[in-house]
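1. predicted model and sequence below, questions to follow.
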Amino acid sequence: MLEPEEINEKEIMDYYGFHGIIGCLKFYLFFIKNYSFQMVARLSPYPHLTNILQKARGVEIGNHVFIGPDVIIDDNYPKLIKLEDYVSVGSRTMIFAHSNPTCSLELKTKYYPRIVKSTMIKRGAWVAPGCIILAGVTVGENAIVGAGSVVIRDVEPYSIVGGNPAKLIKKLDRDVKLETD
């Protein structure tokens with residue numbers, strides 16, 4: 001039987017269609033490139049450079065998107081993350097497209113196999129600092145995720161969620177008009 005590390009490597013290689021010695025080399029080169037771009041993006045003081053590096057990793061990023069410092073976007077499946085136009089992601093947030101009990105064979109084989117699902121943050125949403133967005137979640141249009149929240153299920157458009165796990169705090173009125181002088 002394979003060890004957990006071998007199973008994890010095989011699962012990722014199979015996902016990307018890497019096989020044999022050449023596939024193994026491609027896998028390691030992919031991982032090194034991906035990790036390097038992620039690290040530079042996390043440390044960049046320039047949001048524009050952060051977006052360029054995350055796009056180079058495969059993250060789909062719309063226009064006018066702000067990604068704060070030290071944001072982690074899934075290391076293994078960046079192409080499954082989409083940030084639509086006018087999204088703001090606060091510093092030290094983590095956005096995942098997979099879930100995997102890496103080292104326990106029993107958990108991995110009997111209870112919690114690897115989950116790989118697209119994760120999307122829709123137009124105008126604001127994810128405050130320190131949040132965790134789990135695999136398969138969609139944060140709705142113009143939704144707000146409160147600081148430090150753990151989002152385990154979809155967030156409805158025009159709503160505010162917060163906590164661990166994130167729960168509905170308030171629905172936003174779509175028809176509010178700001179008064180201007």
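-> Nice, thanks for sending it over. Numbering: from 1, shown residues only.
2. how close does residue 175 sit to residue 76?
-> Per CB to CB, to the nearest Å, residue 175 is found 42 Å from residue 76. From N, CA and C alone the C-beta is placed, and that goes for glycine too.
3. those two: who's more crowded?
-> A direct count of neighbours by other CB atoms under 10 Å for residue 175 and residue 76 places residue 76 higher, at 19 against 5.
4. tell me the contacts of that one?
-> Applying CB atoms under 8 Å, 6 or more residues apart in numbering, we find residue 76 in contact with 12, 34, 97, 98.
5. three-state assignment of it?
-> At residue 76 the chain is in coil, as set by DSSP: H, G, I helix; E, B strand; the rest coil.
6. need phi/psi at it.
-> Backbone torsions for residue 76, taken as degrees, to the nearest 10, come to phi -90, psi -30.
7. where does the protein dip in pLDDT?
-> Applying pLDDT under 70 to the chain flags residues 178, 180-181.
8. what about the helices in it?
-> Remark: helices assigned in the chain by DSSP state H are 4-16, 20-43, 47-57, 105-106.
9. can you tell me which of the ones you listed is packed in deepest?
-> helix 47-57 (a mean of 17; mean count of other CB atoms under 10 Å).
10. that helix - contacts with which helices or strands?
-> On a contact count with 3 or more CB pairs under 8 Å, 6 or more residues apart in numbering; DSSP states H and E, helix 47-57 meets helix 20-43, strand 60-61, strand 66-67.
11. measure how far that helix is from the centre of its chain, please.
-> Counting by CA atoms, centre = their mean, to the nearest Å, helix 47-57 is centred 14 Å from the centre of its parent chain.
12. now do it and helix 20-43, the angle between them.
-> Helix 47-57 and helix 20-43 are oriented at 170 degrees to each other (axes from the mean of the first three to the mean of the last three CA atoms, to 10 degrees).
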